[in-house]
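In: Provided below are the primary sequence and the corresponding predicted coordinates.
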Amino acid sequence: MATTAAIHLFGIRHHGPGSARSLLAALEALAPDILLVEGPPEGDPMLPLARHAAMQPPVALLVYAPGEPRRAAFYPFAVFSPEWQAIRYGLAHDLPVRFMDLPQRHWLALAPAEEATGDADPGAAQPDPLLTLARAAGHDDVETWWEQFVEARGASIELFAAIQEAMTALRAAAATASSLESLREAAMRTALRAAQREGYARIAVVCGAWHVPALALDRAGQPSAKADAALLRGLPKIEVAVTWAPWSYGHLARASGYGAGITSPGWYEHLWYTPHDRTVGWLSRVAGLLREADLDASPAQVIDAVRLAEALAALRDRPRPGLDELNEAALAALCHGNPLPLQLIGEKLIVGGRLGAVPEEAPAVPLSADLQAQQRRLRLAPDPTAKPYDLDLRQPLDLGRSQLLHRLLLLDVPWGKLGRVAGARGTFHELWTLKWQPAFAIAVIEMARWGNTVAEAAAAYARHLAASATDLAALTALLDRVLLADLAVAVEDVMAAVQAQAALTADVTGLMAALPPLARTVRYGDVRGAAAVDAAALNAIIAGLVERICIGLPLACATLDDDAAGAMLERIEAVQEALAALQADDLSAAWRGALVVLADQHSLHGLIAGRCCRLLLDSGALARPEMDRRLRLALSPGGDPAYAAAWLEGWLRGSGLLLLHDEALWAVLDAWLADLGAEAFINALPLLRRAFSAFPPAERRQLGELAACGARGRPIASGSGAAVDAVRGDAILPLLAAILGLKPPGTIEGDAA
């Protein structure tokens, strides 16, 4: 510990449990009069909430610009963060606790808007000094070095004097500090001098280790108070607001992109709560997790793992096993050498899925407050781990959940990810996967300018999107989303935008992309009790779209390459599905006419030509003899094998049942394949494999069995001349009649016996 007048500097590692434990011991020994903690001064009014019973770390102090919420900064705290423990110590002892750093009203004003959002990483301005020390000690990463030289020591007051000495040496050899770093340290020194002027005798300062040398006011060469004041004078500033937000271990981890993150927050929490018997406790938790996943993990294996971890630590001259030794022991003794369970251990235990909580008294924008109220009403607790929900929309609770999740999707808050549901229940059935992320808090704040409730904000934002959209497909998709979100107040405006854009859109592909959402709206819009929509107006729009699609489709399909043909095929199938759902005979007839024209078009890509023929055959618009003629023409020996394979891929797309039940078609296909040369067969094989791989497994198996039956894939029929033993056949008839309860002609009672 270093002392300058009445100032006691404690350089810590952010989110280090060893630092936190040593810091508490040092504060108990010092009994300071005031605590100054690295952080935004605007957060001082929020500090008393840290002692609230409902405040459960990890949490983050959120500072943002109300008029421009993208300008924001998070200051995360875990239970093992030294700053958090210092704050809790000061509040528990009724000490003045203040944040000291460059105020965020200046920091956010200095940073470009696109770079302002994120964590307020106090170490982001320079390389990690602890990494430099770790490498000097022969370690490749900070975590291993920190565990060996800090965590293994337990609480150590002398740690802080060593940190100041090391940081002083590192800063002497480092490059010149950045302008932002210089501003921050000038603001910190200004806060220290203010505390001195107020007469505090023992001032405890908790800051990142890198800043300690810059805050030793009696150190030679330190800037004067006048120089610091001049440096801070005239800085730009903006209005900011402050609140607490829940955080998660996943976002505290370095893998999330958090600049001051750590690799193992779950492990550090374990170290905080079990500083002594950590080996047995950790491996017992690993065994419990494996058993929850239906993997074997017996007490005997735990004992073997403990012994192995301790032996590894001894071989490496370490006082106790660290995370590396525990992982290696778990891999050998509990995972049987299989690295896959280690991924589960890493996700669930080493990183951990803990999500913090903040009290209701924490300030919140009205939109955030409404979202929290709806989460409680609908029993949808924010959870950082992915959790599935199977919603039956005929139930009021599930319908309310669906509407909330759809409204949040409209607001670009993707708390829920909607899965596809097949089958008859699909209309009333939704499968969601919910995973809350702390970044959603700032997203909700950003959307607060659109309304004070989720419904109001989603409706206003939908109207804004409709007014600014220039793409018809996007507008029709927006209408579909508005109906799913049950936003009746926005339907009329979105409908008006759809009508206006439909009249202006000439691109056939855009018209085709716009049709399916409109068809879903007409077909299913009122099934879930969604917002009312003018069906007559929608039907008029749909009729106009179909007419223009039918006219422009042949030209849009001319001279397509393979990629463009694949994309066009998907649009054609989407239109086919949409018209089938609408069940409008006049529209379906017009569409079939367009497909006939398209199928007869010269130079049409084989994929589209084959698919058009199959759609026409399935709808009854193409007679069977005509289908046979087109098939033989496409597969004629003199034709291009690549075109034939593409034609066949389009014709077979989705189902091979037609081949299974039609001997003539099978014979044509078999003959075409048999007549292909070696090079042509090799070129056609990828297309054929792709076509057949899309069939269901049962169909593929039956087709394989059929191909194994003979040159034409069919066994010899019974009428082809094979002898039939009529006497043996007649002998079974009485028994069959008895089983079926029938009386064969010409029999008398008792004969059947």
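Out: Structure's in. What do you need?
In: what comes up buried for stretch 132-145?
Out: For stretch 132-145, a neighbour-count test (16 or more other CB atoms under 10 Å) marks 132-134, 139, 142-145 as buried. Yep, even glycine has a C-beta here, placed from its N, CA and C like the rest.
In: next: stretch 470-478.
Out: Applying a neighbour-count criterion of 16+ other CB under 10 Å, one finds 472-478 buried in stretch 470-478.
In: which one of the residues you listed is nearest residue 281?
Out: For those, the residue nearest residue 281 by CB to CB is residue 477; the value is 51.8 Å.
In: any idea how far the closest residue to the closest one other than its chain neighbours lies from residue 483?
Out: Nearest non-adjacent residue to residue 477, counting by CB to CB, 6 or more residues apart in numbering: residue 517, 4.9 Å away. According to CB to CB, to the nearest Å, residue 517 and residue 483 sit 9 Å apart.
In: what do you get for residue 322?
Out: 56 Å.
In: which parts of this structure are strands?
Out: Using DSSP state E, the strands of the chain run over residues 2-4, 7-12, 34-38, 59-65, 68-77, 97-100, 203-208, 241-246, 387-392, 416-419, 429-434.
In: looking at those, which is nearest to residue 311?
Out: Nearest of the strands of the chain to residue 311, taken as CB to CB: strand 7-12 at 33.0 Å.
In: the closest one to strand 203-208, inter-axis angle?
Out: 20 degrees (axes from the mean of the first three to the mean of the last three CA atoms, to 10 degrees).
In: and strand 7-12, how far from the chain's centre?
Out: Centroid separation between strand 7-12 and its chain, computed with CA atoms, centre = their mean, to the nearest Å, is 41 Å.
In: counting contacts, what elements does it pack onto?
Out: Contacts defined by 3 or more CB pairs under 8 Å, 6 or more residues apart in numbering; DSSP states H and E place strand 7-12 against helix 17-30, helix 82-92, helix 159-173, strand 203-208, helix 212-215.
In: winner for burial among these?
Out: Counting by mean count of other CB atoms under 10 Å, strand 203-208 has the highest mean neighbour count of those, with a mean of 25.
In: so what are the sheet partners of that strand and their directions?
Out: strand 7-12 (parallel), strand 34-38 (parallel) (DSSP bridges).
In: residues contacting the spatially closest residue to residue 32 that is not a sequence neighbour?
Out: In space, residue 32 comes closest to residue 204 once its chain neighbours are excluded; the distance is 3.7 Å by CB to CB, 6+ apart. Residue 204 makes contact with 8, 10, 27, 30, 32, 34-36, 86 under the criterion CB atoms under 8 Å, 6 or more residues apart in numbering.
In: ditto for residue 149
Out: For residue 149, the contacting residues are residue 137, by CB under 8 Å, 6+ apart.
In: let's see that with 10 Å instead.
Out: Counting by CB atoms under 10 Å, 6 or more residues apart in numbering, residue 149 makes contact with 18, 133-134, 137, 139, 159, 162.
In: ok, now residue 332?
Out: Counting by CB under 10 Å, 6+ apart, the residues that residue 332 touches are 301, 304-305, 308-309, 312.
In: relative to residue 309, how far out is it?
Out: For residue 332 relative to residue 309 (CB to CB), the value is 10 Å.
In: before we move on, the earlier item: out of the helices and strands packed on strand 7-12, which comes closest to residue 283?
Out: Comparing the helices and strands packed on strand 7-12 by their distance to residue 283 (CB to CB), the top pick is helix 17-30, with 18.7 Å.
In: could you pull out the helices in the stretch 501-650 of the chain for me?
Out: Remark: helices assigned in the stretch 501-650 of the chain by DSSP state H, counting those that start in this stretch are 508-524, 535-556, 562-582, 585-599, 606-619, 624-634, 641-652.
In: what helices or strands is the fourth one leaning on?
Out: Under the contact criterion of 3 or more CB pairs under 10 Å, 6 or more residues apart in numbering; DSSP states H and E, the helices and strands touching helix 585-599 comprise helix 535-556, helix 562-582, helix 606-619.
In: ok, residue 227 - how many residues close by?
Out: Using other CB atoms under 10 Å, residue 227 has 12 other residues around it.
In: does it touch residue 186 like I think?
Out: Yes - counting by CB atoms under 10 Å, residue 227 does reach residue 186; the two are 7.9 Å apart.
In: coming back round to it: tell me the bridge partners for the residue nearest to residue 32.
Out: Residue 204 has these beta-bridge partners by DSSP bridges: residue 8, residue 35.
In: from residue 739, how far out is it?
Out: Distance check for residue 204 against residue 739: by CB to CB, it reads 96 Å.
In: hmm, back to that, distance to residue 240, neighbour count and pLDDT added to the contacts of residue 332, as a markdown table?
Out: Listed next are the contacts of residue 332 as a markdown table, based on distance: CB to CB, whole Å; neighbours: other CB atoms under 10 Å; pLDDT from 0 to 100:
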| residue | distance to residue 240 | neighbour count | pLDDT |
| --- | --- | --- | --- |
| 301 | 54 | 20 | 95 |
| 304 | 55 | 16 | 95 |
| 305 | 50 | 28 | 96 |
| 308 | 52 | 21 | 96 |
| 309 | 48 | 27 | 95 |
| 312 | 50 | 18 | 95 |
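In: from the residues you listed, which land in helices?
Out: 301, 304-305, 308-309, 312 (DSSP state H).
In: and those residues as a markdown table, adding distance to residue 447?
Out: Listed next are the ones in helices among the contacts of residue 332 as a markdown table, based on distance: CB to CB, whole Å:
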| residue | distance to residue 447 |
| --- | --- |
| 301 | 50 |
| 304 | 54 |
| 305 | 49 |
| 308 | 52 |
| 309 | 49 |
| 312 | 51 |
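In: and which of these is nearest residue 245?
Out: Once CB to CB is applied, the member of the ones in helices among the contacts of residue 332 that ends up nearest residue 245 is residue 309, at 37.3 Å.
In: list the contacts of residue 401.
Out: By CB under 10 Å, 6+ apart, residue 401 lies in contact with 374-375, 377-380, 389, 391, 393, 395, 416, 430, 432, 434.
In: help me confirm that residue 490 comes into contact with residue 460.
Out: Yes - here residue 490 reaches residue 460: they are 7.8 Å apart, a contact under CB under 10 Å.
In: neighbour count for those two, which is higher?
Out: Set residue 490 next to residue 460 and count neighbours by other CB under 10 Å: residue 490 wins out with 26 against 19.
In: measure that one to residue 385 for me?
Out: Look at residue 490 and residue 385: by CB to CB, they are 33 Å apart.
In: next: residue 481.
Out: 27 Å.
In: okay, those two: which has more neighbours?
Out: With neighbours defined as other CB under 10 Å, residue 481 and residue 385 compare such that residue 481 has more, 20 against 15.
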